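Visitor: Dropping a prediction and its sequence here:
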Amino acid sequence: MKETVSDLLQSALAALQSEGTLPADQTFTPQVGNTKDKSHGDYACNIALVAAKTAGCAPRKLAERLIDKLPESSAVDKVEIAGPGFINFFMSTSSAFEIVNTILDEAGQFGRNGNGKGENVQVEFVSANPTGPLHVGHGRGAAIGDCLCRLLEANGYNVTREFYYNDAGAQINNLALSVQARVKG
């Protein structure tokens, strides 16, 4: 939702730049944050306070102009000016549930991205000693390792899993000798 509000403000800023209210050669980046008090809306932005000097007008007046230039959006129920020029956004209830439709539409692809760009990653996890007692840590290590691999894959990495168990060395040799001795009586 913050991104939606930021995009709306960017559109309004661009409109004010094209009409000359704000200089076209300057970049304005709205900082959208959650309000501390829900009675002030869901999100607030201070861009009118930041850009007022550049615009050569009072922050509250610039906030009014920004609100006038905001594109229509079904995500926003109401926009208000608070104090010297803070812009408060009240989001629609339906916009909070849009993510559910997105999740259902994208199904297994929801949340995936290509940020990893197919880069190779090797994750090594679990080293259970088959000659010793198994414990919760072995299971936890396996679960955490597998989860990390799945997260990396969801972010576009090519993941190689290396799941190790200790099947070499003196302990395994002693185990083999013990089993042979038992079998021979």
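Guide: Structure received. Numbering: from 1, shown residues only.
Visitor: lowest average confidence, helix or strand, in the protein?
Guide: Lowest on mean pLDDT, DSSP states H and E among the helices and strands of the chain sits helix 170-184, with a mean of 83.
Visitor: Can I get that helix in PDB? Just the C-alpha atoms.
Guide: As requested, the backbone C-alpha atoms of helix 170-184 are provided in PDB (Å, rounded to 0.1, in the frame of the first residue of the first chain):
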ATOM      1  CA  ALA A 170      37.200 -43.600  12.300                       C
ATOM      2  CA  GLN A 171      33.600 -43.800  13.800                       C
ATOM      3  CA  ILE A 172      32.200 -45.500  10.700                       C
ATOM      4  CA  ASN A 173      35.200 -47.900  10.600                       C
ATOM      5  CA  ASN A 174      34.600 -48.800  14.300                       C
ATOM      6  CA  LEU A 175      30.900 -49.200  13.600                       C
ATOM      7  CA  ALA A 176      31.700 -51.600  10.700                       C
ATOM      8  CA  LEU A 177      34.100 -53.600  12.800                       C
ATOM      9  CA  SER A 178      31.600 -53.800  15.700                       C
ATOM     10  CA  VAL A 179      28.900 -55.100  13.400                       C
ATOM     11  CA  GLN A 180      31.300 -57.700  11.900                       C
ATOM     12  CA  ALA A 181      32.400 -58.800  15.300                       C
ATOM     13  CA  ARG A 182      28.800 -59.200  16.500                       C
ATOM     14  CA  VAL A 183      27.900 -61.200  13.400                       C
ATOM     15  CA  LYS A 184      30.900 -63.500  13.900                       C
END
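Visitor: Residue 96 should be in a helix, yeah?
Guide: Yes - counting by DSSP: H, G, I helix; E, B strand; the rest coil, residue 96 is found in a helix.
Visitor: Quick check: chain neighbours aside, which residue is closest to it?
Guide: residue 1 (7.7 Å; Cβ to Cβ, 6 or more residues apart in numbering). C-beta here means a position set from N, CA and C on the backbone, and glycine is covered the same way.
Visitor: name the helices or strands packed onto the lengthiest helix in the chain?
Guide: Ranked by residue count, the top helix of the chain under DSSP state H comes out as helix 136-154. When contacts are defined as 3 or more Cβ pairs under 8 Å, 6 or more residues apart in numbering; DSSP states H and E, helix 136-154 sits against strand 120-128, strand 158-165.
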